[in-house]
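Engineer: sharing a model prediction with you, sequence too.
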Amino acid sequence: MEENMKKLILLIGLVAFVGLSVAPVFAQDDFNFPGRVRQLDPVVDKFEEAAPTFIKSGQAGFTFLSIPTDARTAAMGDAGIGVIGHAAGTLYNPAALAFLDGREAYFTNVQWIADTDLFAGGVTINFPGRGTAGIAFQMYDAGTFNGTAIDTSPTGSGFTDTGTFDTSNFALSVAYGFKITDRFSIGATAKLASQDLGTGDVFIGGNRTTVDNSKTVLGVDLG
């Protein structure tokens, strides 16, 4: 019992440290929305707005993290939070790792919508009497896109071809879970996620400005 209390205190301290050391992240940056008028006066007729507010209704980043990462939980309607004894718990519920024995590894390839692919995998190791540690990754291949840039020439087509480009979507998770009793366990996962959707050109005050569409964030999941 004393050993379990030490583990509980250690985990609470770890969670408190992580909670105080990270900053909140939102799916969309709150540039000029809500409560501000969106200006739609173009610099050149039929071209980009003069003062873009970057309002992206219905859009969000890091959506690849919501794709099921193994066949078992996908067949259960992605309800993997209640599945125990599986290395995929690193991505679904770190507390479930506590019921693993020995070592386990898995790898998944999900052929997703619009010919995209998700690759996920992980490894877990049980330390008898001390809990289970795991590491997992997620990598999303969105394919190749055709890049374009604004063409301000009145006689132009409105855009120029800049060739093709690829996006980058990756996440790395480290988890740890241990038993408090034979029916109750707790755990925590730290996840580093990165997404790079390239750059884009917009006009602000008549000047072309390049906007970076990339973000790297740290998240914590408690189970």
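Structural biologist: Perfect, thanks for sending it.

Engineer: drop to CA atoms for contacts and neighbour counts, all remaining ones
Structural biologist: Fine.

Engineer: all strands for this structure, in order.
Structural biologist: 103-112, 116-127, 131-141, 144-150, 159-166, 168-179, 185-204, 207-222 (DSSP state E).

Engineer: can I get the ones you listed in JSON lines including mean neighbour count and distance to Asp70?
Structural biologist: Below are the strands of the chain laid out as JSON lines (neighbours: other Cα atoms under 10 Å; distance: least, Cα to Cα, whole Å):
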{"stretch": "strand 103-112", "mean neighbour count": "15", "distance to Asp70": "6"}
{"stretch": "strand 116-127", "mean neighbour count": "19", "distance to Asp70": "8"}
{"stretch": "strand 131-141", "mean neighbour count": "23", "distance to Asp70": "11"}
{"stretch": "strand 144-150", "mean neighbour count": "14", "distance to Asp70": "25"}
{"stretch": "strand 159-166", "mean neighbour count": "12", "distance to Asp70": "25"}
{"stretch": "strand 168-179", "mean neighbour count": "23", "distance to Asp70": "15"}
{"stretch": "strand 185-204", "mean neighbour count": "19", "distance to Asp70": "18"}
{"stretch": "strand 207-222", "mean neighbour count": "14", "distance to Asp70": "18"}
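
Engineer: who touches the residue nearest to the spatial centre of the chain in this structure?
Structural biologist: By Cα atoms, centre = their mean, the chain has its centre lying nearest to Phe62, at 4.0 Å. Residues near Phe62 by Cα atoms under 8 Å, 6 or more residues apart in numbering: Ala27, Asn169, Ala193, Ser194, Gln195.

Engineer: chain neighbours aside, what residue packs nearest to the second one?
Structural biologist: Closest residue to Asn169 apart from its sequence neighbours, by Cα to Cα, 6 or more residues apart in numbering: Gln195 at 4.5 Å.

Engineer: out of the strands of the chain, which comes closest to Ala79?
Structural biologist: Taking Cα to Cα, strand 207-222 is the member of the strands of the chain nearest to Ala79, at 15.8 Å.

Engineer: given that closest one, what are its sheet partners and their directions?
Structural biologist: Paired with strand 207-222 in the same sheet, following DSSP bridges, are strand 185-204 (antiparallel).

Engineer: that older thread, pull the most distant pair out of the contacts of Phe62.
Structural biologist: Spatial extent of the contacts of Phe62 (Cα to Cα) is set by the pair Ala27 and Asn169 at 14.9 Å.

Engineer: picking that back up, now distance to Gly77 too, for the strands of the chain, in JSON lines please.
Structural biologist: Shown next, in JSON lines, are the strands of the chain (distance: least, Cα to Cα, whole Å):
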{"stretch": "strand 103-112", "distance to Gly77": "15"}
{"stretch": "strand 116-127", "distance to Gly77": "17"}
{"stretch": "strand 131-141", "distance to Gly77": "19"}
{"stretch": "strand 144-150", "distance to Gly77": "30"}
{"stretch": "strand 159-166", "distance to Gly77": "30"}
{"stretch": "strand 168-179", "distance to Gly77": "22"}
{"stretch": "strand 185-204", "distance to Gly77": "22"}
{"stretch": "strand 207-222", "distance to Gly77": "20"}
